[in-house]
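Trainee: quick one: sequence plus predicted model below, questions after.
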Amino acid sequence: MASRPVTLPADLVELLDDAALDLHGLARACAMSPEWVLARVEAGVLQPLHGGVATEWRFASLSLRRARRIAQLERVFDADPQLAALTADLMEEVIALRQRLGA
């Protein structure tokens, strides 16, 4: 029996370690432009691990999951970035509560 490669949807794939993404890497991983990421950081919707200038920013894997969720909410529902971020916060809270109930 031959094995076939498994293909996962991009929204299910996360970084498995804490290798930080730079501005362009995060934008690529979200299928968005670097300007989109820059605007979300300036709005306080996304937070880099390290401050300073944009060329020095690094984002954790949790930021990748959050950015993808926000980008999807903006695309699908034409949501304002602040509303998409609030919705992402609520979704993360529901996931955490479900995990606590299951434990």
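Mentor: Looks like it came in fine.
Trainee: CA only for contacts and neighbour counts going forward, please
Mentor: Noted.
Trainee: what about Met91, how many residues close to it?
Mentor: Burial measure for Met91: 13 neighbouring residues, criterion other CA atoms under 10 Å.
Trainee: quick one: pLDDT of it?
Mentor: We have a pLDDT of 95 for Met91.
Trainee: wasn't it part of a helix?
Mentor: Yes - the assignment for Met91 (DSSP: H, G, I helix; E, B strand; the rest coil) places it in a helix.
Trainee: now stretch 66-73: average pLDDT?
Mentor: Here stretch 66-73 scores 96 as its mean pLDDT.
Trainee: what of stretch 29-40?
Mentor: Averaged across stretch 29-40, the pLDDT comes to 97.
Trainee: buried residues, it. List them.
Mentor: Of the residues in stretch 29-40, those buried under the neighbour-count criterion (16 or more other CA atoms under 10 Å) are Ala29, Cys30, Pro34, Val37, Leu38, Arg40.
Trainee: and these as TSV, adding distance to Gln82 and secondary structure?
Mentor: Written out in TSV, the entries for the buried residues of stretch 29-40 read as follows (distance: CA to CA, whole Å; DSSP: H, G, I helix; E, B strand; the rest coil):
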residue	distance to Gln82	secondary structure
Ala29	21	helix
Cys30	17	helix
Pro34	18	helix
Val37	13	helix
Leu38	14	helix
Arg40	9	helix
